[in-house]
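In: With the sequence up front, the predicted model follows.
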Amino acid sequence: MPDTLALDGGTPVRRISFPSVGTPGGRTLGVEEERAVVDVIRSGQLNSTVGGVTRGLEQDFARYYGVPHAVASGSGTSAIHLAVAAVDPDPGDEIITTGLSDAGTVLPILAQNAVPVFADVDPATGNLDVESVREHITPRTRAIIAVHLFGQPAPVAQLRELADAHGIVLIEDCAQAYLTAVGPDGALAGTVGHLGCFSLQQSKHITAGDGGLTITADDAFARRVRLFADKAWPRDTDERTHLFLGLNYRMTELQAAVARVQLTRLADVVDDRRRTAKALTEVVAGLAGLTPSASEGNSYWQFPVFVEPDAVGADAHWFARALAAEGIPASGGYIQRPLYLTPVFTERLTYGSSGYPLSSPPADAVPVYAPGLCPTTEELIAARLLVIAWNERYTSDDVADIAAALQKVHAGAGR
Ligand SMILES: *Cc1c(COP(=O)(O)O)cnc(C)c1O
């Protein structure tokens, strides 16, 4: 007789909480960060236009990634907005992306008056499907934004080829994918596209509370990114003028001080996440109807499990509830609805009552955002995507509890 599930009143596998990104025990922060912040405060220079810490972070990050340029900003969303602004689309131009992501991937497209076009995703990863992207390219497509979901490598080598063939730009959203390796040569996510964007928000591999970094090997893109983040004010020329529409997306020296120390911890953070994820991957691979994500290149921001409800007798949302009852931090679907089914799209709540740029003009036709647009995206969210929270501070005992709970609920699924 299998154990009674905690969901049905049985004893939970686990009673104490796990390290999580919202608590000190689940963040890798130390006295070095404290000292760095204190040093900034004592210097009296808290803004990056007078201090040198943010410029130092940019240099460290560019060197770390082996690219000539990194530009810091206030958030991952702003890092992506800077990349879109560097592309400089005309109003109504199109940018192809995924509906299975954080809103920070797509809101910058609207902010820059371009039209988000949603391609569908690969059922095995939730990352963009290259064929679907190809089908959505039109004469108005200016860029593709690929997301490396949960740290799994998106097919950016193929997307870069596609982008080059059409003279458009590939932007990589690496907010969940520090040190994710893409392809057999081990290239890092963020360096295959024309621009790569990172986030330092609380929940990411490393954090400064909020913060963003945009990297590129292209000098012209780098200049536009840097200018846009600072009101398009060319400070290097001593001229107080504004060369085009830009905003203030500057990172503060306080954020940069923390981020610079965090960067020194990144390799260990990712190593630890990979090591513990490997143990759970082996367990999940042995459970019929459940598939772990491929470990190749993965940096494990979270630990996704792909559920076949017909084979296992329950969907991802049931698994999430059953695991939560066992004391395991898990959720179903990742997001509640595809990004294109949120009010900003369905009700076109953008600029006043204009619906701009989701209107014609500037779009060639009014885009339709409705259920059925990306069936695989919708199926993953509705039934197939189980997300187990992951953390570099998990011990092998923590992982053993997760594995035990998963085996227990798998045995009880559909009963
Ligand atoms: C977190 C995240 C963002 C946005 O980053 P913020 O720093 O929260 O603005 C964008 N894309 C993805 C995939 C994310 O996970």
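Out: Perfect, thanks for sending it.
In: residues from the protein in reach of the ligand?
Out: 75-77, 101-102, 104-105, 147, 173, 175-176, 199, 201, 210, 212 (CB under 6 Å from any ligand atom). All C-beta spots, glycine's among them, are computed from the backbone N, C-alpha and C.
In: any idea which of those is closest to Gln158?
Out: Nearest to Gln158, judged by CB to CB, of the residues of the chain next to the ligand is Val147 at 14.9 Å.
In: Touching, that closest one and Asn127? I think so.
Out: Yes: with contact defined as CB atoms under 8 Å, Val147 counts as touching Asn127 (6.9 Å).
In: Which one of those two is surrounded by more residues?
Out: Shown here are Val147 and Asn127; by other CB atoms under 10 Å, Val147 has more neighbours (29 against 23).
In: do you know how far Ala324 is from the ligand?
Out: 22 Å (CB to the nearest ligand atom, to the nearest Å).
In: pLDDT weak spots in this structure?
Out: For the chain, residues meeting the criterion pLDDT under 70 lie at 1-2.
In: any chance you could map the strands in it?
Out: For the chain, the strands defined by DSSP state E cover 69-73, 94-98, 115-119, 141-147, 169-173, 181-182, 187-188, 195-199, 212-216, 290-292, 302-307, 330-332, 385-389.
In: partners of the first one in the sheet?
Out: Right, strand 69-73. If you go by DSSP bridges, strand 69-73 pairs up with strand 212-216 (antiparallel).
In: ok and the strand it pairs with relative to strand 195-199, angle-wise?
Out: 160 degrees (axes from the mean of the first three to the mean of the last three CA atoms, to 10 degrees).
In: So which residues make contact with strand 212-216?
Out: 57-58, 61-62, 65, 67-80, 82-83, 86, 190-191, 194-200, 222, 225, 249, 251 (CB atoms under 8 Å, 6 or more residues apart in numbering).
In: Any chance of a ChimeraX selection covering the buried ones in those?
Out: In ChimeraX syntax, the buried subset of the contacts of strand 212-216 is picked out as below (16 or more other CB atoms under 10 Å):
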select :57,58,61,62,65,67,69,70,71,72,73,74,75,76,77,78,79,80,82,83,86,190,191,194,195,196,197,198,199,200,222,225,249,251
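In: neighbours around the one residue in the stretch 301-415 of the chain that gets nearest to the ligand, how many?
Out: The ligand sits closest to Trp301 of the stretch 301-415 of the chain, with a gap of 7.4 Å, by CB to the nearest ligand atom. Trp301: 26 surrounding residues under other CB under 10 Å.
In: what do Val147 and Asn127 both touch?
Out: Thr98, Ala154.
In: any idea how far the nearest residue to Trp318 once chain neighbours are set aside is from Pro309?
Out: Nearest residue to Trp318, sequence neighbours excluded (CB to CB, 6 or more residues apart in numbering): Ala413, at 7.0 Å. Separation of Ala413 from Pro309 (CB to CB, to the nearest Å): 9 Å.
In: Find residues that contact each of the two.
Out: Gly289.
In: In this protein, mark out all the helices, start to finish.
Out: Applying DSSP state H to the chain gives helices spanning 31-43, 53-65, 76-87, 107-111, 130-135, 156-166, 219-228, 253-285, 309-312, 316-325, 343-346, 375-379, 396-412.
In: tell me which residues in the fifth one are buried?
Out: Yep, that's helix 130-135 we're talking about. Val130, Ser132, Val133.
In: Now do it: everything it contacts.
Out: Ile96, Ala119, Asp120, Val121, Ile144, Pro155, Gln158, Leu159, Leu162, Cys374.
In: 6 Å instead, please
Out: Helix 130-135 has contacts (CB atoms under 6 Å, 6 or more residues apart in numbering) with Ile96, Ala119, Asp120, Ile144, Pro155, Gln158, Leu162.
In: Now for the residues you listed, which sits with the most neighbours around it?
Out: Ile144 (30 neighbours).
In: check contacts around Ala146.
Out: Leu128, Ala154, Val156, Leu159, Glu172.
In: what bridges to it?
Out: Where Ala146 sits in a bridge, its partners, by DSSP bridges, are Glu172.
In: For Thr141, which non-adjacent residue is closest in space?
Out: Thr141's closest residue in space is Glu94 (CB to CB, 6+ apart), at 4.8 Å.
In: In the sheet, which residues pair with that neighbour? Tell me.
Out: Under the criterion used here (DSSP bridges), Glu94 is bridged to Val115, Thr141.
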